[in-house]
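S.K.: using only what follows, build the 3D model:
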Amino acid sequence: MSNDPYADPYALATDAATALRSATGVDSFDVALVMGSGWVPAADAIGETVAEIPVTDLPGFTPAAVAGHAGRIRAVRTASGANALIFLGRTHLYEGRGVEPVVHGVRTAIKAGVRTVVLTNAAGGLRPETQRVGEAILISDHINLTGANPLSGATFIDLTEVYSRRLRTLVREVEPGMAEGVYIAFRGPTYETPAEIQMCRGFGGDMVGMSTVLEAIAAREGGAEVLGISLVTNPGAGLVGEPLNHQEVLEVGRATATRMGDLLAKVVGKL
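M.R.: Here you go, the predicted structure:
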């Protein structure tokens, strides 16, 4: 018998969903939100907290390992009456724990009834000529340069529309004129080199980061609609001549928390 808890990741997600229902007292959730680096304070605006637990109270979840990620799960009742599941942080591929822990939260959410997944992240902007630091940008598509995929074997999933056009249209009802772009994901944890940034621009990328794409693929496999939003926290390496650091990412997140929270609350209210 295998000692690997992720040997059957779908059974593990089912167990985690059962434990989640017991811990929160919520039988089924409508929407899940994954809060990226610096996004945690924005969660306070989404609705009334019903319960909040450490992720490690549930099977298969690993402790938070990155500053700006709280390592907790919050059950929220929104003003529209929806049950929202908010992951206050995520596991990243660069933590070295493998792919399964990265997508375990999304799979657990789907087993708990979720049919809409909102993925947020902090990203480097690849178009400083048109993007502003602190700007939220809809993800229209992605390029996966992590070298990983949460699916294996003959599991063929159509990714023609990973990020729901319907949901992006809904966001623009809340925030008219909100820009959209292509998100490129690297494994990390190093920031990209200036040469890699120029490559990404040549590929047609608009934002770059170290998360989101594996979760999006897992969500689509599970039949959920996906909405992706990047918060531009800095220009990509070499574009403005300034060095990059994680503290800058967190500071931009804190500075924009109220605005991002209001945006998410309005969007979730329309789902």
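S.K.: ok, residue 52 - contacts?
M.R.: 72-75 (C-beta atoms under 8 Å, 6 or more residues apart in numbering). All C-beta spots, glycine's among them, are computed from the backbone N, C-alpha and C.
S.K.: closest to residue 31 out of those?
M.R.: residue 75 (11.5 Å; C-beta to C-beta).
S.K.: tell me where the chain has helices.
M.R.: Assignment of helices within the chain using DSSP state H yields the ranges 9-24, 99-111, 165-174, 194-203, 213-221, 246-255, 257-270.
S.K.: which stretches of the stretch 151-271 of the chain have low pLDDT?
M.R.: Where the stretch 151-271 of the chain drops to pLDDT under 70, the residues are 238, 241-250, 252-255.
S.K.: could you dump the helices of the chain to JSON lines with mean neighbour count and distance to residue 62?
M.R.: Output for the helices of the chain, formatted as JSON lines (neighbours: other C-beta atoms under 10 Å; distance: least, C-beta to C-beta, whole Å):
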{"stretch": "helix 9-24", "mean neighbour count": "19", "distance to residue 62": "12"}
{"stretch": "helix 99-111", "mean neighbour count": "25", "distance to residue 62": "5"}
{"stretch": "helix 165-174", "mean neighbour count": "14", "distance to residue 62": "29"}
{"stretch": "helix 194-203", "mean neighbour count": "15", "distance to residue 62": "28"}
{"stretch": "helix 213-221", "mean neighbour count": "25", "distance to residue 62": "15"}
{"stretch": "helix 246-255", "mean neighbour count": "16", "distance to residue 62": "19"}
{"stretch": "helix 257-270", "mean neighbour count": "18", "distance to residue 62": "25"}
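S.K.: take those helices and lay them out in CSV including distance to residue 36.
M.R.: CSV is the format used below for the helices of the chain (distance: least, C-beta to C-beta, whole Å):
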stretch, distance to residue 36
helix 9-24, 21
helix 99-111, 12
helix 165-174, 16
helix 194-203, 18
helix 213-221, 10
helix 246-255, 8
helix 257-270, 10
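S.K.: done for today, thanks.
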